[in-house]
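Sequence first, then the predicted structure:
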Amino acid sequence: MALGKDYATQECSIARALEIVGERWTLLVVRDALYGIRRYNDFLVHLGAPRAVLAARLQTLTSEGILEKRRYQESPPRDEYVVTERGIALWPALRALGLWGREHFGEEQLRFFRHADCGTELGSYGECPACGTVVPVRDVIMVPGPGLDPHPADPVSRALLRPKRLLQPLQIDPA
Ligand SMILES: [Zn+2]
């Protein structure tokens, strides 16, 4: 585990979770996986993380059962990383971090997250205020907000400008 003994004295579930997701880039990889990004190069392009760091994070997330490596091409062999139920379960934490960031650091809204069934924006706890239900991640539609750059340089960010369901594989136009 990358953070080693740093939290060894902490008998705490938050510390346990941070052993896995507390490293720089890790939660952003999970975020992108929830957005439907699956391929190494697409993570690389979208995150701009150093290659070795991204490879290490994907390795950790795979060995911790948060992402699952799946072969999508045999020759040459190519794998993609698909978020597991354990990874999907991080959605409320990511959502809460996003809301906290916007509320306390005054960012303009970058993305809206809406209930696919009715189009209502999710509440603070990932619930649909109109339907009165907690919305499953699969039923969340991501829509660009006013703070998002409408002309991003990379094809992954461009693909993410189209409204899409979370988890659904991102369709990226060839450059
Ligand atoms: Zn609803």
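On my side now, so go ahead.

Now do the helices in this protein.
13-21, 26-35, 40-47, 51-63, 85-88, 91-105, 155-159 (DSSP state H).

Give me whichever of those helices is most buried.
Highest mean neighbour count of the helices of the chain: helix 26-35, a mean of 21 (counted as mean count of other CB atoms under 10 Å). (Glycine included, C-beta is placed from N, CA and C.)

Mind listing residues that contact that one?
With contacts defined as CB atoms under 8 Å, 6 or more residues apart in numbering, helix 26-35 is touched by 20-21, 42-43, 46-47, 49, 54, 57-58, 60-61, 66-67, 81-83, 87-88, 90-91, 93-94, 97, 137, 142, 160, 164, 166-167, 170.

Dump that helix to PDB, keeping only the CA atoms.
Extracted in PDB, the C-alpha atoms of helix 26-35 (Å, rounded to 0.1, in the frame of the first residue of the first chain):
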ATOM      1  CA  THR A  26      -6.300   8.400  -7.500                       C
ATOM      2  CA  LEU A  27      -9.800   9.900  -6.900                       C
ATOM      3  CA  LEU A  28      -9.500  11.700 -10.200                       C
ATOM      4  CA  VAL A  29      -8.900   8.400 -12.000                       C
ATOM      5  CA  VAL A  30     -12.000   7.000 -10.200                       C
ATOM      6  CA  ARG A  31     -14.000  10.100 -11.200                       C
ATOM      7  CA  ASP A  32     -13.000   9.600 -14.900                       C
ATOM      8  CA  ALA A  33     -13.800   5.900 -14.700                       C
ATOM      9  CA  LEU A  34     -17.300   6.900 -13.400                       C
ATOM     10  CA  TYR A  35     -17.500   9.300 -16.400                       C
END
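
looking at the helices of the chain, which is closest to residue 146?
Smallest distance to residue 146 across the helices of the chain (CB to CB): 12.1 Å, for helix 91-105.

Kindly reformat the helices of the chain as JSON lines and extend each row with mean pLDDT and distance to the ion.
As requested, those are exported to JSON lines (pLDDT from 0 to 100; distance: least, CB to the ion, whole Å):
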{"stretch": "helix 13-21", "mean pLDDT": "92", "distance to the ion": "29"}
{"stretch": "helix 26-35", "mean pLDDT": "98", "distance to the ion": "19"}
{"stretch": "helix 40-47", "mean pLDDT": "96", "distance to the ion": "29"}
{"stretch": "helix 51-63", "mean pLDDT": "97", "distance to the ion": "31"}
{"stretch": "helix 85-88", "mean pLDDT": "98", "distance to the ion": "19"}
{"stretch": "helix 91-105", "mean pLDDT": "92", "distance to the ion": "16"}
{"stretch": "helix 155-159", "mean pLDDT": "95", "distance to the ion": "25"}
